[in-house]
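[1] Predicted model and sequence below, questions to follow.
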Amino acid sequence: MINVKYLVYGSEYDILENASIVIENGVIKEVEERKNGGQNYSASIALPGIINAHVHFLDSIAKEACIGYNLPEYVGSKGIKHVLIRLLGLRNIDIYRGIIENELLVFSGISDFLEEYSYCTLLKNLFSEYHIVYKPYTRPHNINDLDELVLVANKCGSLGIANPLRLNKWSLDELARISYKYPVAAHVSETKRQEKLGSLTYLIDHGVKLNHVVHGVYLEDWEFKLLVENDVVLVTCPRSNLWFQGKLPNYSKAYRLGVKIGVGTDNMGCFSTDIWRDIEIVYSILHSNNPRIKPNHIFRDIVKNSLQVMATNKLSWKIEEGETANILLLNMDRFNIIKSFDKIGSIIKRASTAVSSYRVLGSKVIKAY
Ligand SMILES: [Zn+2]
């Protein structure tokens, strides 16, 4: 049993005060008014465990290597980050353990656009030591090598296409086939050029079933509708888009049309993993358009949609009886919301990953800082 000051409860993300969560065999058995006994986290807020729906983990070894370069110079196929990953990262893979401990313990799940597929199993194992569910959306070295495409899908279990426009007709057909067995994702419409060339329709028209797309900065209304029709999550990385494009996707339009929006922090070499900063940007834009919009629902939708990106049944998006325990505790010594008029509003606007204290996943309690 875990006792907390506040609890974000159920599918509506309502706030309960002075609550106890009874967990049995990793499943939430009961949520009730605070009782005696159990473990006391009475200066804590319990919220559903959060997912980072898009990172590039490997470039975390070269912080701020993005400064001084535009997007193609930094991430393009001949971009500087790939050189740095080979030079500094892959030759010294142990460094990544420290990076998980410093930057990622707060997350229950990480969706990684992994540049080097041969590391997918190693990283899955590494992350599981920290009780983090790890999803490698990765790709072959040569995107038009059909054998390699199939091999990567079978080995890593999911595919992430960095630049869909590079696929030829044959690999598109193969990718379409694979996409009914394994989740497939792609960067789309991050730049004006990608939008003009139609990176989203290029995939969908060829029958590729997409789990999610990333960025969509320049997507238009009819493309948002296409995402809704095909149940594709739009993962947004607002700080990355501001940095490289000086522009954000049209969140208000997307939200109104019913697009499922998830949130990620993108390149770890260029952006901190403090996902609250990104969630706040999305919420700010939505609020500017409709001040009546409810922060608990925005937050809930982001958690839920980001979980869809993980394509896993190991995690739950809500704290409720019968669900697998997936809980993040924020420490109120460093983040006090007692007098807040809207507690979830305060979490979105004021929390940082630095105020996390513990995570509960199944029957495990894990340090999250
Ligand atoms: Zn990316």
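    Arrived safely, thanks for sending. Since we're looking at a predicted model, the values are computed, not measured. Numbers count the residues shown, from 1 in each chain.

[2] and the most centrally placed residue in the chain, what helix or strand is that in?
    In the chain, the residue lying closest to the centroid (CA atoms, centre = their mean) is Ala53, at 1.4 Å. Element membership for Ala53, per DSSP states H and E: strand 50-56.

[3] what does that strand rub up against?
    Strand 50-56 has contacts (CB atoms under 8 Å, 6 or more residues apart in numbering) with 75, 81, 104, 106-115, 212, 214, 233, 235, 237, 262-269, 273, 275, 303, 305-307, 309-310, 315, 328. Glycine gets a C-beta too; all of them are placed from N, C-alpha and C.

[4] Mind checking which of these land in strands?
    107-114, 212, 214, 233, 235, 262-263, 266-267, 328 (DSSP state E).

[5] of those residues, buried ones?
    Using 16 or more other CB atoms under 10 Å as the burial test, the ones in strands among the contacts of strand 50-56 include 107-114, 212, 214, 233, 235, 262-263, 266-267, 328 as buried.

[6] okay, now Ile93: neighbour count?
    14 (other CB atoms under 10 Å).

[7] Check whether it really touches Asn125, as I assumed.
    No. Assessed by CB atoms under 8 Å, Ile93 is found out of contact with Asn125, at 11.8 Å.

[8] pretty sure Ala19 contacts Val31?
    Yes. Assessed by CB under 8 Å, Ala19 is found in contact with Val31 at 6.1 Å.

[9] Pick out whichever of these two has more residues nearby.
    Ala19 (20 against 17).

[10] For the more buried one, pull up the helix or strand it's in.
    Judged by DSSP H and E, Ala19 forms part of strand 14-24.

[11] So which elements touch that strand?
    Here strand 14-24 touches strand 2-9, strand 27-33, going by 3 or more CB pairs under 8 Å, 6 or more residues apart in numbering; DSSP states H and E.

[12] between it and strand 27-33, how many degrees?
    130 degrees (axes from the mean of the first three to the mean of the last three CA atoms, to 10 degrees).

[13] Now do the helices in the stretch 251-369 of the chain.
    Assigned by DSSP state H, counting those that start in this stretch, the helices in the stretch 251-369 of the chain fall at 251-257, 275-289, 295-310, 343-350.

[14] thinking again about what came up before, quick one: work out the angle between the strand holding Ala53 and helix 275-289.
    On the basis of the same axes, to 10 degrees, strand 50-56 is oriented at 100 degrees to helix 275-289.

[15] Could you give me the buried positions within strand 50-56?
    Neighbour counts over strand 50-56 (16+ other CB under 10 Å) mark Ile50, Ile51, Asn52, Ala53, His54, Val55, His56 as buried.
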